[in-house]
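K.L.:
quick one, structure for this:
(one chain, ligands or ions: 1)
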Amino acid sequence: MSAVKRIGILTSGGDAPGMNAAIRAVTRSAIFNEMSVKGIYRGYKGLITGEIEDFKTQNVSNIIQRGGTILKTARCDEFKTPEGRKQAYDRLIEQDIDALVAIGGDGTLTGARIFAQEFNYPIVGLPGTIDNDLFGTDVTIGYDTALNTILECVDKIRDTASSHDRLFFIEVMGRDAGFLALNGAIASGAEAAIIPEISMETDQLADMIDNGLRKTKNSSIVLVAESEVTGGAMGVAERVKKEYPEFDVRVSILGHLQRGGSPSAQDRILATRMGIAAIEALLDDQRNVMIGIQNEEIVYVPFAKAIKNDKPINRDLLKVLRISSI
Ligand code: F6P
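P.N.:
Next up is the predicted model:
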C-alpha cells in the first residue's frame, strides 16, 4: 500500500495541447487507485495562494479534446524564491497533499526539482511543452499537435508564396530548440530550416543559398526557429534583403497559435499513458522523476537529467531535409 493518499495536480509554464488529457488521466488513475485528488489552479502561483479544489472523476469529463489547460497556468516568479517555495510547502501540508504531479516544461520541472530537494517532497513530472526540449523522452505532450498546426499554416502560406514567387521565412516556436522547425520543415516540404543547434557550427543561410536554393523552384519556404541565436525570421530576412536583394522576401511569425487547438490523437494517447504512469510511479515509490517515453516504452527520468542535458537533435534529419528539398 502506497503512503500517498492524496495527490495534487498542477500545470505550469506555457500551456500545451494534451495537458487536459494528462489531467484527466492522472485524476482518474489516482481515483482508480483509491487516492484522492486536488486540482491546483495557475501552477505554482495557485499553490502558493491556495487556489485548490477537490477533483472528482466528473471534474475531468469532456476535456480530453480541449486545448489549453482547465487548471490554467502561469509563470511564477515567487516560486523561484525560498520564501515562495516555503509558502507552497505550507499549503501542501495544510491541504494534506502527500505528493504532487506537475505538468509542464523545463521551467516547471526545474522548480519541481528544487522544491523536491528542499523539502524532501515527492513529485512526479509530466513533460508538457510544444518545444519537445526535455531530455530523456522522445516526445513531449503537445509537440505533435503543434507540429500539425505548423503544417496547416505552412500549407496555406505556400499557396501565396508560389503565386507570387516569393521566399518566405516562417518563424516557429521552440525556445532555443529546433525540433519544431526541423521536423516542421521536413513534414511541410519546406526548402530548409534554420535552427539554433547548428547556428554556431555553420552559416545556415549561406549554406542554403550555396546549396542551390530555388534552382528548381520559383518560390521557397524556410522555417526558422525562434531564438536569439538564429535571429528569428526577421533577423534572417533582414540579412537576405541586404546580401541577396534579388529575392522577394516575406516573413510570417506563427506565434501563439502554435500552442492552441484540440490535441492530436498522438498527444491524447501520449498524455493518457503518461498520466497513468505518473500514478504508477508514485505507487512504485518513485519520486522526483519525469515520466518519459523512449521507443514506445514508458521510462522514469530523474529531474536532474531531464532538465540539465540539452536534448540533441537527430542529425540524420538535416540530411533528410536537404535531400528531400532539392
Ligand atoms: O515553452 C513554450 C513556448 O511556447 C516557447 O516555444 C516560447 O518561446 C514560449 O513558450 C513563449 O512563452 P509566453 O507564452 O510566455 O510568451
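K.L.:
which residues touch the residue sitting furthest away from the middle of the chain?
P.N.:
Farthest-out residue of the chain from its mean C-alpha position, per Cα atoms, centre = their mean: residue 246, at 37.2 Å. Listed by Cβ atoms under 8 Å, 6 or more residues apart in numbering, residue 246 has no contact partners. C-beta coordinates here come from the backbone N, C-alpha and C atoms, glycine included.
K.L.:
distance of it relative to residue 69?
P.N.:
Distance, residue 246 to residue 69, by Cβ to Cβ, to the nearest Å: 46 Å.
K.L.:
kindly report the same for residue 197.
P.N.:
From residue 197 across to residue 69, the span is 29 Å (Cβ to Cβ).
K.L.:
which one of these two has more residues nearby?
P.N.:
residue 69 (25 against 22; other Cβ atoms under 10 Å).
K.L.:
tell me what residue 101 is bridged to.
P.N.:
With DSSP bridges as the criterion, residue 101 is bridged to residue 9, residue 124.
K.L.:
neighbours of it, just the number please.
P.N.:
Residue 101 has 30 neighbours, counted by other Cβ under 10 Å.
K.L.:
and it, how far is that from the ligand?
P.N.:
Distance of residue 101 to the ligand, given as Cβ to the nearest ligand atom, to the nearest Å: 19 Å.
K.L.:
just residue 36 next, same as before
P.N.:
31 Å.
K.L.:
show the pLDDT at the closest residue to that residue other than its chain neighbours.
P.N.:
Spatial nearest neighbour of residue 36, excluding adjacent residues (Cβ to Cβ, 6 or more residues apart in numbering): residue 6 at 4.7 Å. Per-residue confidence (pLDDT) for residue 6: 98.
K.L.:
contacts only, for residue 6.
P.N.:
By Cβ under 8 Å, 6+ apart, the residues touching residue 6 are 35, 36, 37, 38, 95, 96, 97, 98.
K.L.:
okay, now the residue nearest to residue 41 when sequence neighbours are not counted: neighbour count?
P.N.:
Once flanking residues are discounted, residue 41 sits nearest to residue 51: 4.0 Å by Cβ to Cβ, 6+ apart. By the measure other Cβ under 10 Å, the count of residues near residue 51 is 17.
K.L.:
for residue 51, give its distance to the ligand.
P.N.:
Distance from residue 51 to the ligand, by Cβ to the nearest ligand atom: 20 Å.
K.L.:
same question for residue 151.
P.N.:
17 Å.
K.L.:
strands of the stretch 101-250 of the chain, start to end?
P.N.:
Taking DSSP state E, counting those that start in this stretch, the strands of the stretch 101-250 of the chain run over residues 123-127, 167-172, 192-194, 220-225, 249-253.
K.L.:
does the ligand sit close to the fourth one?
P.N.:
No - with Cβ under 6 Å from any ligand atom as the measure, strand 220-225 is seen stopping short of the ligand, the closest distance being 9.2 Å.
K.L.:
which parts of stretch 93-102 are buried?
P.N.:
Neighbour-count burial for stretch 93-102 flags 95, 97, 98, 99, 100, 101, 102 (criterion: 16 or more other Cβ atoms under 10 Å).
K.L.:
which among those residues gets closest to the ligand?
P.N.:
Among these, residue 102 lies closest to the ligand (Cβ to the nearest ligand atom), at 14.8 Å.
K.L.:
grab the nearest non-local neighbour of that closest one.
P.N.:
Distances taken as Cβ to Cβ, 6+ apart put residue 112 closest to residue 102, at 4.7 Å, once the chain neighbours are dropped.
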